[in-house]
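Colleague: structural data only, the sequence is not supplied:
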Ligand code: NAI
């Protein structure tokens, strides 16, 4: 039986970051991973492979839509799906190997296999049981199923199967207009599939600032994606040539059946804690399947901690990473901290959509006096040069103090632009602080500064 300071279960962004930081802080650390490769859902079948496909298909879209406009003439490239899949896998392999290197470099022991916790302070992997002062559960999440939807990961798929469809479907039905549905829907729409998104609510991307969501839907519709909103999916069944999906409109209960070559179920994810033995151990759980923790990531069992998708909060890789780092610091006797008020969210479509802090709807609900500074990318020379002048930056600031309360961006590089607002918010900055900061010209970032200027005496280029 090997003895460690800390054993971490799950080597996704939460777990491996926790392991590296704990090792850097001189703890003797082991990590257990059931998959053959490190990196968890994000690296193996989530964030990273989907970004490779988004990049490849965005490039194709550029050729079709914009090359001739720039004087780049000639025949469009043909899609070799097998080669695109191989490129995607190479990106994944490079990154998972990178994590392996980092764990070795930091002298973290890697146990391959599925772990269980037979007793407090013990982790069993295969036939071996190891002991640790501290055990961290970082086992992530899995796609949620939906009653009546028969997932086979071939024709009716979750996000995992959507990355490896045998062929590009001519038609695709996406159930759920959340982040996964819209990112993967975009991939296949750009590859020529007729994509229909069925969403239960009356708006896409629930929780997003409503003005941004509306603009997002308009832009995606222009790109050829069809939306059926306010519709509850009853079933999805394999058929002779694909699948049939039946849904009911919420407003009049009218039932419709559609057929498509493939169906993607993207109605959320659920914490993945199966097989750990939590029930036998008496670990307190929340009603939606998350592990209950306090604000130091402690469960009700002494020495047992949990982070990431397995606990409450947004199911985002970077939230898990931050928790991993904070927990490692706490375990090493320092003061780890996560600022949950400044966690950005990004949708990697074209244009990208990014947000941080409060939405306008949340501020209204709180009864808070706020002001809005908005700037359209139409006034940004750089965005116009790359044909991405749709969208805008919106900054919400306190009406009295000018302190930034939230920011919402739909436009080019939104996922990167959002971080200057994140930094500003971490420092408790006002919109004027951003507005007074010199921004290089010509950059997309100028749109952020202009929105900050619009919170005060007004933007220059609008
Ligand atoms: P989601 O929670 O973002 O969206 C699910 C959507 O499905 C919601 O709009 C919901 O109203 C709808 N829905 C639920 N039941 C339905 C039904 N019966 N019929 C029609 N629509 C229905 O979930 P998603 O997209 O599956 O993503 C899962 C998690 O993974 C999320 O927490 C997301 O933030 C995270 N993720 C984040 C990414 C990013 O940051 N870029 C990328 C991929 C996933």
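Modeller: Received it, and whenever you're ready, just let me know what you need. This is a predicted model, so every value here is computed, not measured.
Colleague: contacts, neighbours, all on C-alpha from now
Modeller: Fine.
Colleague: what residues does the stretch 201-350 of the chain have near the ligand?
Modeller: 201, 204-206, 231-233, 266-269, 314-316, 345-348 (C-alpha under 6 Å from any ligand atom).
Colleague: just give the nearest non-adjacent residue to residue 298, would you?
Modeller: residue 305 (4.6 Å; C-alpha to C-alpha, 6 or more residues apart in numbering).
Colleague: next structured bit after the stretch of helix or strand that neighbour belongs to?
Modeller: Using DSSP states H and E, residue 305 sits in strand 304-306. Going down the chain from strand 304-306, the next helix or strand is helix 317-331, by DSSP H and E.
Colleague: quick one: residue 169 is in a strand?
Modeller: No: under DSSP: H, G, I helix; E, B strand; the rest coil, residue 169 sits outside any strand and is assigned coil.
Colleague: surely it touches residue 261?
Modeller: Yes: Residue 169 is in contact with residue 261 according to C-alpha atoms under 8 Å; the separation is 5.5 Å.
Colleague: which stretches of the stretch 351-462 of the chain form strands?
Modeller: With strands called from DSSP state E, counting those that start in this stretch, the stretch 351-462 of the chain shows them at 352-357, 370-376, 392-398, 404-411.
Colleague: let me have the ones you listed in JSON lines, adding distance to the ligand as columns.
Modeller: Formatted as JSON lines, the strands of the stretch 351-462 of the chain follow (distance: least, C-alpha to the nearest ligand atom, whole Å):
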{"stretch": "strand 352-357", "distance to the ligand": "9"}
{"stretch": "strand 370-376", "distance to the ligand": "23"}
{"stretch": "strand 392-398", "distance to the ligand": "19"}
{"stretch": "strand 404-411", "distance to the ligand": "14"}
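Colleague: center of this structure, which residue is that?
Modeller: residue 316 (5.0 Å; C-alpha atoms, centre = their mean).
Colleague: would you mind measuring from the closest residue to it other than its chain neighbours to residue 353?
Modeller: Of all residues not flanking residue 316 in the chain, residue 309 sits nearest, at 7.2 Å (C-alpha to C-alpha, 6+ apart). Counting by C-alpha to C-alpha, to the nearest Å, the gap between residue 309 and residue 353 amounts to 22 Å.
Colleague: residues contacting the residue nearest to residue 406 when sequence neighbours are not counted?
Modeller: Leaving aside its sequence neighbours, residue 406 sits nearest to residue 357 (C-alpha to C-alpha, 6+ apart; 4.1 Å). The contact partners of residue 357, taken as C-alpha atoms under 8 Å, 6 or more residues apart in numbering, are 341, 342, 343, 344, 405, 406, 407.
Colleague: 10 Å instead, please
Modeller: 340-345, 395-396, 404-408, 421-422, 425 (C-alpha atoms under 10 Å, 6 or more residues apart in numbering).
Colleague: next one: residue 264
Modeller: Residue 264 neighbours (C-alpha under 10 Å, 6+ apart): 151, 153-162, 172-176, 180-181, 184-185, 197, 236.
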